[in-house]
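Chemist: structure, please.
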Amino acid sequence: MLKQNSIRDIPGDRPRLWMLDDCLDVIVWFEPDGSIYGFQLCYDKTENEKSITWNHNGHFSYHHIDSGESDPGDYKKTPVLLVGADFDHRYARDQFLIRSFHIHSRLVDFICEKLNQAYALATKLPFDDMPTPDTAGLRLEIEGLPE
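Modeler: Below is the predicted model of the structure:
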């Protein structure tokens, strides 16, 4: 299950929420008014880690993640985003839904909607034809997120 990770505030940076487990990392950046500025969903952390990032301008980007741990016996390096990953919509969305039980339902619905939009753009399917997952009752709302 995704759990909130404690993070330190960085002066001048947007407030953010970081949730993670053994399969996913989800980072959400907020505007000062509490609206969502953007998010990054990192998935398939144990095999071939990838990410999808959405920002408030409606842009999506897809990356492979080089964990920095590829050289045995060498020091761990900083993870780096590499351009050009394929977006595995079904895996990313389904893993997010399965693992988001304790996340505020409005945040989960928002992220799922954006994942569906990304899939629709990538496949040129009309967004209105995308199936919406039935997530009612799957999550508990947590305190501290904007209503």
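Chemist: scan this protein for its longest helix.
Modeler: As assigned by DSSP state H, the longest helix anywhere in the chain is helix 105-123.
Chemist: mean confidence (pLDDT) on that helix, please.
Modeler: Taken as a whole, helix 105-123 carries a mean pLDDT of 90.
Chemist: buried sites along the lowest-mean-pLDDT helix or strand in the chain?
Modeler: In the chain, no helix or strand scores lower on mean pLDDT, DSSP states H and E than strand 80-83, which sits at a mean of 72. Neighbour counts using 16 or more other C-beta atoms under 10 Å place L81 of strand 80-83 among the buried residues. (C-beta placed from N, C-alpha, C; glycine too.)
Chemist: and it, what does it pack onto?
Modeler: Counting contacts by 3 or more C-beta pairs under 8 Å, 6 or more residues apart in numbering; DSSP states H and E, strand 80-83 is packed against strand 60-66.
Chemist: could you tell me the angle between the strand it packs on and helix 105-123?
Modeler: 90 degrees (axes from the mean of the first three to the mean of the last three C-alpha atoms, to 10 degrees).
Chemist: quick one: contacts of stretch 36-48?
Modeler: Stretch 36-48 is contacted by residues 14, 22-31, 49-56, 64-65, 88, 91-92, 95-96, 107, 110-111, 114-115 when judged by C-beta atoms under 8 Å, 6 or more residues apart in numbering.
Chemist: list the beta-bridge partners for the most centrally placed residue in the chain.
Modeler: Central residue of the chain (C-alpha atoms, centre = their mean): L41, 2.0 Å from the mean position. Beta-bridge pairing of L41 under DSSP bridges involves V26, I52.
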